[in-house]
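In: Could you look at this predicted model? Sequence included:
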Amino acid sequence: MDTFHPKKDNFIVRIPPYILSIIIFSQFCGTALWFATNGILTQLISVFQLEENELGNLTSAVQLGFIIGTLVFAIFTISDRFSPSKVFLGCAMLGAFLNLATLWEGNILTSLLLIRFLVGFFLAGIYPVGMKIAADYFKKSLGISLSFLVAALVLGTAFPHLLVTFFSETSWKIITICISIIAMLGGLCIGFLVPNGPYREAAQKLKLSAFIHVFKNKKFRHAAVGYFGHMWELYAFWAFIPVFLATYDLQNPETAINSSLWTFLIIAAGSLGCILGGFLSARKGIKKVAYASLCISGVLCLASPLLFELPPFLFLGILMLWGMVVIADSPLFSTLVANNATPTIKGTALTIVNCMGFAITIISIQLLSFLSTAIPIPYLFMILAIGPFLGIYKYFKIEVLGYS
């Protein structure tokens, strides 16, 4: 890890060793808001008299809010013009308070969708801004640093499912309050313990066209395409893992799979995938490891119907492997994006790529939601292979054949 930063005046500013740990912890806390309603969906359906198929809509509302949020943050270069730590703090607090609005007894589907949309909006000031903060502190070791950071995102995303697993008898209201408190704690840690990083180069003025100019860089575009292919698969896979598990359980009633626990484990396995991918990329190269993850993940998409023919230990084991590789390339593509962006608009570059990537997730989630009533569930994940293989094709065309 980077431990110091040489300034122009030859003074050395040492980076406290706890900084990365705080950023990782805060990222975990803040992103717990992401799937806050997914783990308690059964209770929400009962309490607010929702339709059974609202999982896709509630998840997509968060994604849409995140997209609009990242677009606003990118257009106004928020994390480049203002202290990213303070932006993170403000968004974590606002997201947490909005999550508490789920407790209102007068909620209907429309208000719940609005709440989730607004939570998603403020997540735009947590996830990409957290990466921006890490990029301001770590330069040479950014790939490994972002691997730990995305690992925290994965655990935060999976965390609501873990709460439901161990506190299944607890009121959904208590679980909602706990998630909001955790998000506030993450914001406070970043806001008061992590000052602006030594590699930060602040933008001096508003530049509305910055989010367009970032794509003029060819290497930046190539990294972004790989990220987009990865995003087509990722959140749709996470959102529909409970459906996948329930279908296997229905076909094999003797297995009695604990859906909440295994959903947590499969998503959380991505944390290990991110960390291993980060260390592996230091040896083999970021591009090679990123696209190898895309390759494995794409193959698993195509082979997914065959998983239902396997015994439980193999079925769950392969899903754990899938959970690792489906996210392992995310911090690597983010590193490529950050490394190929103009330093003064690095935060904007990360934010706009996140914006476009999450726009793609809405399409894939809604497509799976529609197809879930039209085709057998075991064949559902095959459509997700489109993203990984588009990314692989682009990589092969550029890196192997030499086309731009």
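Out: Received the coordinates, thanks.
In: And the helices in the stretch 201-350 of the chain, which stretches?
Out: 210-213, 218-251, 259-284, 286-303, 312-328, 330-339, 346-371 (DSSP state H, counting those that start in this stretch).
In: Mean neighbour count, those: which tops it?
Out: Of the helices of the stretch 201-350 of the chain, the one with the most neighbours on average (mean count of other CB atoms under 10 Å) is helix 330-339, at a mean of 26. Glycine gets a C-beta too; all of them are placed from N, C-alpha and C.
In: average pLDDT across that helix?
Out: Helix 330-339 carries an average pLDDT of 84.
In: Find the least confident helix or strand in this structure, judged by mean pLDDT.
Out: None of the helices or strands of the chain scores lower by mean pLDDT, DSSP states H and E than strand 4-6, at a mean of 44.
In: Please tell me how far Gly156 sits from Val119.
Out: From Gly156 across to Val119, the span is 13 Å (CB to CB, to the nearest Å).
In: okay, and the common contacts of those two?
Out: By CB atoms under 8 Å, 6 or more residues apart in numbering, Gly156 and Val119 have no common neighbours.
In: CA atoms only for the helix or strand hosting Met131, dumped as CSV, please.
Out: Met131 is part of helix 127-137 when elements are defined by DSSP states H and E. Coordinates of the C-alpha atoms in helix 127-137 are reproduced here as CSV (Å, rounded to 0.1, in the frame of the first residue of the first chain):
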residue,chain,number,x,y,z
TYR,A,127,-20.2,4.2,-3.6
PRO,A,128,-18.4,6.2,-6.4
VAL,A,129,-17.4,8.9,-3.9
GLY,A,130,-15.9,6.2,-1.7
MET,A,131,-13.8,5.1,-4.7
LYS,A,132,-12.8,8.7,-5.4
ILE,A,133,-11.6,9.0,-1.7
ALA,A,134,-9.6,5.8,-2.1
ALA,A,135,-8.1,7.1,-5.4
ASP,A,136,-7.1,10.3,-3.6
TYR,A,137,-5.1,8.3,-1.0
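In: For the helix or strand just after that helix, buried residues please.
Out: Under the assignment DSSP H and E, the closest C-terminal helix or strand after helix 127-137 is helix 142-166. Residues of helix 142-166 classed as buried: 142-165 (neighbour count, 16 or more other CB atoms under 10 Å).
In: pretty sure Thr77 is touching Lys346, no?
Out: No. In this structure, Thr77 is not within contact of Lys346 by CB atoms under 8 Å, at 10.4 Å.
In: remind me which residues of the stretch 301-404 of the chain are low pLDDT?
Out: Applying pLDDT under 70 to the stretch 301-404 of the chain flags the ranges 347, 395-404.
In: Apologies, that question was intended for the chain.
Out: The chain contains residues with pLDDT under 70 at 1-13, 53, 55, 168-169, 201-214, 347, 395-404.
In: measure the residue minimising distance to the centre of it to Arg14 for me?
Out: Nearest to the geometric centre of the chain sits Leu153, at 5.8 Å (CA atoms, centre = their mean). Using CB to CB, Leu153 is found at 27 Å from Arg14.
In: Could you do Ile286 as well?
Out: Note on Ile286: its distance to Arg14, by CB to CB, is 26 Å.
In: Equivalent analysis for Lys216, please.
Out: Separation of Lys216 from Arg14 (CB to CB): 36 Å.
In: Leu41 now?
Out: 47 Å.
In: which one of the two has more residues nearby?
Out: Leu41 (19 against 9; other CB atoms under 10 Å).
In: Could I get the contacting residues of the residue lying closest to Ile377 once chain neighbours are set aside?
Out: With sequence-adjacent residues excluded and distances taken as CB to CB, 6 or more residues apart in numbering, Ile377 is closest to Thr247, at 4.1 Å. The neighbours of Thr247, taking CB under 8 Å, 6+ apart as the test, are Phe308, Ile377, Pro378.
In: Take those and keep only those in strands.
Out: Using DSSP state E, no member of those falls in strands.
In: Show the buried residues in those.
Out: For the contacts of Thr247, buried by 16+ other CB under 10 Å: Phe308, Ile377, Pro378.
In: ok, the first one - contacts?
Out: Going by CB under 8 Å, 6+ apart, Phe308 touches Thr247, Tyr248, Gln251, Phe315, Pro378.
In: at 6 Å what do you get?
Out: Tyr248, Pro378 (CB atoms under 6 Å, 6 or more residues apart in numbering).
In: and what of Met184?
Out: Met184 touches Met93, Ala96, counting by CB under 6 Å, 6+ apart.
In: Wasn't it part of a helix?
Out: Yes. Assigned with DSSP: H, G, I helix; E, B strand; the rest coil, Met184 falls within a helix.
In: Check the gap between it and Lys346 for me.
Out: Applying CB to CB to Met184 and Lys346 gives a distance of 27 Å.
In: do the same with Leu316
Out: Where Lys346 is concerned, Leu316 sits at a distance of 40 Å (CB to CB).
In: How about Met231?
Out: 20 Å.
In: same deal with Ala246?
Out: 42 Å.
In: and if you look at Gly270?
Out: Distance from Gly270 to Lys346, by CB to CB: 25 Å.
In: number of nearby residues for Gly90?
Out: Gly90 sits with 15 neighbouring residues when counted by other CB under 10 Å.
In: Helix, strand or coil: sort out it for me.
Out: Following three-state DSSP, we place Gly90 in the helix state.
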